[in-house]
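J.: Sequence isn't available, so here's the structure alone:
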DNA sequence: AAGGTTTGGAACCAATCGGTACAAAACACA
DNA sequence: TGTGTTTTGTACCGATTGGTTCCAAACCTT
């Protein structure tokens, strides 16, 4: 009954998220955004509201896709013990940096720094994601059943901050040695309450 | 022999650094920058080159003032053992967030994420600062003389990533409990090779 | 007080910002 | 093949971007 749209809104959203992820909100000009999404202004403003709202949508998307994936991995018993899963996550991050040269970092982490996020709806979304990650670490630790709730919570938070630290360092390119050392330190954190996940 | 300038370039630089620190490069428009520095366009372009170069100068300034201060603190035997100094640094950061509501975070950490930095001169400056911090942690650990060089290096890097992690979390407001847990985890990292710096 | 210099502020610049309006193009249905 | 509806691309909008130019004001030296 009408002309069909020539682009996949879902794909376009992915491209938009990719740009915001890479350069942040302010640095992503509308022109760059349109180029990344491979659509023109008309289509953009017909399909989406404006730059602000597509940024917020990108955050939601990151939560739904990436964070959920990470949470699922951390909660998947098939991937080994809780500690092994946590270490596996760190290893994957380090590997992405050193092998694929991934300098994107973590959208959540980047957005936490990006002040464009502050004050608006973004703040709540970000804190929710932080909480999801913390909980996922916590549950993984609980799965091993070697720590009481208090220690598990504490360890989860230590791991969380180490995780963000690694991703900050990864943003400017992480040497193999640096990454390995960071991970070994996480092993050390996890060693509390049981001999688990030791590699070296 | 001529009209003296009505502002203190040093103070103005401080204000500029403060703004870049807070909102990053791109988000700091020239107008905001001038307002923060309390000078007008004419004075600005007479005293400094342009926005880009004053940003780089801000990074240098941060290195000279803040990072140097941190390095000095970490290397000052009067502040206690090496481990105590490291924990003291973390405590000061946490305290600034929860007491003074400091949401600035760490300029170095913020700039590592801020993509405006990438590709240019900034990259080198940032990595130099990261390296200074790592070395300061390393030396503090060496002062206690309980770890061999290899373990000290590894621990320094673990502490460094925990430090950045804390500063990322601090940017969006850190709960007292979260901060305390993160610090207790650093204590745990430092506990290797000797019972030091324990508080709880 | 006069002369020489430098600063400070406003006017001005092209380019780009995010966003809107609208007409032509492309389809589904009849 | 026409008609109606939606998408698409482009021209356009005022505001703001970083940056330059230029002159009057302010000062030091003599």
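T.: Perfect, I can see it now. Just so you know, these numbers come straight off a predicted model, no measurement behind them.

J.: wouldn't residue A:188 be in contact with residue B:189 here?
T.: Yes. Taking C-beta atoms under 8 Å as the definition, residue A:188 is a contact partner of residue B:189 at 6.2 Å. Backbone N, C-alpha and C define where each C-beta goes, glycine included.

J.: okay, and the common contacts of these two?
T.: Common neighbours of residue A:188 and residue B:189, using C-beta atoms under 8 Å, 6 or more residues apart in numbering or on different chains, are residue B:158.

J.: When the two are compared, which one has more neighbours?
T.: Just comparing residue A:188 and residue B:189: by other C-beta atoms under 10 Å in any protein chain shown the higher neighbour count belongs to residue B:189, 21 against 18.

J.: who in chain A is up against DNA strand D?
T.: Within chain A, the positions near DNA strand D by C-beta under 7 Å from any atom of the strand are A:1-7, A:39-43, A:46-47.

J.: mean confidence score for the helix or strand residue A:46 falls within?
T.: In this structure, residue A:46 is located in helix A:41-47 according to DSSP states H and E. Helix A:41-47 comes out with an average pLDDT of 98.

J.: List the buried residues of it.
T.: Buried residues in helix A:41-47, counted by 16 or more other C-beta atoms under 10 Å in any protein chain shown: A:43-44.

J.: Return the residues in contact with the residue most central in space within chain A.
T.: Taking C-alpha atoms, centre = their mean as the criterion, residue A:106 is the residue nearest the geometric centre of chain A, at 4.2 Å. The contact partners of residue A:106, by C-beta under 8 Å, 6+ apart, come to A:164, A:167.

J.: could you redo the last one with a cut-off of 7 Å?
T.: Shown here is residue A:106, whose contacts under the criterion C-beta atoms under 7 Å, 6 or more residues apart in numbering or on different chains are residue A:167.

J.: how about residue A:102, phi and psi?
T.: When read as degrees, to the nearest 10, the backbone of residue A:102 gives phi -70, psi 110.

J.: Pull the number of nearby residues for the closest residue to it other than its chain neighbours.
T.: Among residues not flanking residue A:102 along the chain, residue A:96 sits closest, at 4.1 Å (C-beta to C-beta, 6 or more residues apart in numbering or on different chains). One way to gauge burial is a neighbour count; for residue A:96, by other C-beta under 10 Å, it gives 16.

J.: Helices along chain A, start to end?
T.: Taking DSSP state H, the helices of chain A run over residues A:9-23, A:30-37, A:41-47, A:51-62, A:68-74, A:82-98, A:107-113, A:121-144, A:149-171, A:176-190.

J.: Could I get those helices in a markdown table, plus columns for distance to residue B:178?
T.: As requested, those are exported to a markdown table (distance: least, C-beta to C-beta, whole Å):
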| stretch | distance to residue B:178 |
| --- | --- |
| helix A:9-23 | 25 |
| helix A:30-37 | 34 |
| helix A:41-47 | 39 |
| helix A:51-62 | 21 |
| helix A:68-74 | 19 |
| helix A:82-98 | 18 |
| helix A:107-113 | 13 |
| helix A:121-144 | 8 |
| helix A:149-171 | 6 |
| helix A:176-190 | 16 |
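
J.: Turn these into CSV, including distance to DNA strand C.
T.: CSV is the format used below for the helices of chain A (distance: least, C-beta to the nearest atom of the strand, whole Å):
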stretch, distance to DNA strand C
helix A:9-23, 11
helix A:30-37, 3
helix A:41-47, 4
helix A:51-62, 4
helix A:68-74, 28
helix A:82-98, 29
helix A:107-113, 16
helix A:121-144, 14
helix A:149-171, 22
helix A:176-190, 34
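
J.: Quick one, which of those gets closest to residue B:110.
T.: Evaluated over the helices of chain A, closeness to residue B:110 peaks at helix A:107-113, with 5.2 Å, by C-beta to C-beta.

J.: Give me the residues contacting the closest one.
T.: In this structure, residues lying in contact with helix A:107-113 by C-beta under 7 Å, 6+ apart are A:21, A:24, A:59, A:62, A:66-67, A:117, A:122, A:126, A:129, A:164, A:167-168, B:105, B:110, B:113, B:168, B:171-172.

J.: Tell me the gap between that helix and the middle of its chain.
T.: With C-alpha atoms, centre = their mean, to the nearest Å as the basis, the distance from the averaged C-alpha position of helix A:107-113 to the chain average is 8 Å.

J.: Below-threshold pLDDT in chain A: ranges please.
T.: Of all residues in chain A, those with pLDDT under 70 make up the ranges A:118-119, A:193-200.

J.: about what we covered before: tell me the helices and strands packed up against the helix holding residue A:46.
T.: If you count contacts as 3 or more C-beta pairs under 7 Å, 6 or more residues apart in numbering or on different chains; DSSP states H and E, helix A:41-47 packs onto helix A:30-37.

J.: Just name whatever secondary elements the helix it packs on is in contact with.
T.: When contacts are defined as 3+ C-beta pairs under 7 Å, 6+ apart, helix A:30-37 sits against helix A:9-23, helix A:41-47.

J.: So stretch A:120-134, near chain B or not?
T.: Yes. Stretch A:120-134 comes into contact with chain B when judged by C-beta under 7 Å from any C-beta of the partner chain, the residues involved being A:123, A:126-127.

J.: Thanks a lot, catch you later.
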